[in-house]
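Asker: Quick one: sequence plus predicted model below, questions after.
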Amino acid sequence: MTNHAAISSTDVTATSASLSPSTRVDMHVKILDERVVSRAKARGIDVLVYAPHFERLPDIRAKAAEFSDDELLVVPAREVFTGTWRQRRHLLAIGLTDPIPDFITMEAAFATFARQEAAVLVPHPDFLNVSLGREAVRAHADEIHAIETYNGKLFAGQNRPGREFSAEFDIPGFGSSYAHLRGSIGEAWTEFDREIESAEDLVAALREGAPRRVMHRSGIGHRLRSAIEFAHLGFENSWGKLDRLFLSGMEPTHPGHIAYDGDFDDVREY
């Protein structure tokens, strides 16, 4: 059972303080294996959104299905890198029907998401050079279904822009552990006031702006976990990805990959 004494609410968009029935969703994780599933269940998480970097949608779907069971639903998603490597802007898409590559224009990404009727989320807004800032959110506000108001990998000041953008543009919030490490699973989550039993249910809740609460664990353990994740970020977003992208051959999500059959050649940045 989750220790409710170690939980804080950072954002409330629910119609009431008591949500019943409810579903706890860790809205963005990068890793998935038996230990991740066990930890999610121990933390009281009902749904994990699995969106690893540089993995094609069919492979993500297959792995999500492998680790889903009656206690935990794993929903496949893609965190798409738009733009160039130096000016990449991340968008999280849930409910895609067809693959989409990284490193295409932001306009092409939004258009592709719309055609597939996916739910479009803004992860870690205004963070470094990997996120949508205020003007980009303003320009695409009508196409965005949720914006991250609490990311378990970031510190308080780094999470502030998400809350500000959510309020300014009247876009519902969401929270996630953004776990790249197993120990971070379930450190933050979004609690919806409805049962979510399928990927389609989650997409509907997001596109409809369903009431929810953004929650996270608290205390020194949570702050330490954030610090460990943030330290890992330095490698993850520099040499780790640079090596994979430029030194290890063409990634499966490169727009020039044969899997995309040239469909994105006119909007690719590389």
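Answerer: Right, received. Where do you want to start? Numbers count the residues shown, from 1 in each chain.

Asker: Tell me where the model's unsure across the stretch 101-250 of the chain.
Answerer: 233-249 (pLDDT under 70).

Asker: So what touches the stretch of helix or strand Leu224 belongs to?
Answerer: If you go by DSSP states H and E, Leu224 is part of helix 220-235. Helix 220-235 is contacted from outside by 6, 152-155, 178-181, 183-184, 187, 216, using Cβ atoms under 8 Å, 6 or more residues apart in numbering. Quick note: C-beta positions are derived from backbone N, CA and C, even for glycine.

Asker: Would you mind giving those residues as a markdown table with secondary structure and neighbour count added?
Answerer: As requested, the contacts of helix 220-235 are exported to a markdown table (DSSP: H, G, I helix; E, B strand; the rest coil; neighbours: other Cβ atoms under 10 Å):
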| residue | secondary structure | neighbour count |
| --- | --- | --- |
| Ala6 | helix | 12 |
| Gly152 | coil | 26 |
| Lys153 | coil | 29 |
| Leu154 | coil | 21 |
| Phe155 | coil | 12 |
| Tyr178 | coil | 26 |
| Ala179 | strand | 26 |
| His180 | coil | 19 |
| Leu181 | coil | 18 |
| Gly183 | helix | 16 |
| Ser184 | helix | 26 |
| Glu187 | coil | 25 |
| His216 | strand | 23 |
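
Asker: closest to Val47 among those?
Answerer: Set against Val47, the nearest of the contacts of helix 220-235 by Cβ to Cβ is Ala179 (13.8 Å).

Asker: so how far is His28 from the closest one?
Answerer: 8 Å (Cβ to Cβ, to the nearest Å).

Asker: now do Arg134
Answerer: 21 Å.

Asker: which of those two has more neighbours?
Answerer: Shown here are Arg134 and His28; by other Cβ atoms under 10 Å, His28 has more neighbours (28 against 14).

Asker: Which pLDDT value goes with the more buried one?
Answerer: His28 is assigned 98 on the pLDDT scale.

Asker: start at 17 instead
Answerer: That works, and once the first residue is 17, the last one we named lands at His44.

Asker: close enough to count as contact, it and Glu95?
Answerer: Yes. Contact criterion Cβ atoms under 8 Å: His44 and Glu95 qualify, at 7.3 Å.

Asker: Show the contacting residues for Ser71.
Answerer: No, residue 71 isn't Ser; it's Glu. Here Glu71 is in contact with Pro268, Thr269 (Cβ under 8 Å, 6+ apart).

Asker: quick one, phi/psi of it?
Answerer: Main-chain torsions, Glu71, degrees, to the nearest 10: phi -120, psi 140.
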